[in-house]
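*Asks:* Make a model of this:
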Amino acid sequence: NHEDTAKSLHMIAVMFNENGETDKAMKIFKEVLAIKEKIMGREHKSTAATITNIACILKEKGMLDEALEMFKEVLVIRENAIGRNHAHTASTMWNLANVLYRKGDSEAALKLFEEALEVRTKALGNEHSKTKDT
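*Replies:* Numbering: from 1, shown residues only. Alright, predicted model coming up:
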């Protein structure tokens, strides 16, 4: 079925990405995105995870404008799907803040970093590694 295909392709893309083969990973993540959009819709939390994977690759390649737009979209999807106070939403805030900071918008980045920290603290606790990383 298509969902199993998407899961398998996702793992292959993750392996390529972890091995530094970002172009191959990007191509496969885009295939996964097309499958998920077809079976789950663009607004599904699983689709948002794949958009995040693509945005992270764009961020690492220095394609900050494209990454920024994708992280903004993911933030809206996650707020609607799982709520503002969820750890995954906080991760999206952190990614978005990171891009804003790299683009030179320190004020907006700081606001989002602070919000991500607040949400992660509530969702995961003070001692969680993701909270400490924020």
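
*Asks:* For the rest of this, base every contact and every neighbour count on C-alpha atoms.
*Replies:* OK.

*Asks:* Look at residue 62 and tell me its secondary structure.
*Replies:* For residue 62, the secondary-structure state derived from DSSP: H, G, I helix; E, B strand; the rest coil is coil.

*Asks:* residues in contact with the spatially most central residue of the chain?
*Replies:* The chain has residue 52 as the residue nearest its centroid, 2.7 Å off, counting by Cα atoms, centre = their mean. By Cα atoms under 8 Å, 6 or more residues apart in numbering, the residues touching residue 52 are 70-71, 74, 92.

*Asks:* and the two most separated of those residues?
*Replies:* Greatest spatial distance among those (Cα to Cα): 70 and 92, at 10.1 Å.

*Asks:* Tell me which of the two has more neighbours.
*Replies:* Set side by side, residue 70 and residue 92 give different neighbour counts by other Cα atoms under 10 Å, the larger being at residue 92 (24 against 20).

*Asks:* Relative to residue 29, how far out is the residue nearest to the centre of the chain?
*Replies:* Residue 52 sits 10 Å away from residue 29 when distances are taken as Cα to Cα, to the nearest Å.

*Asks:* Also residue 55?
*Replies:* 10 Å.
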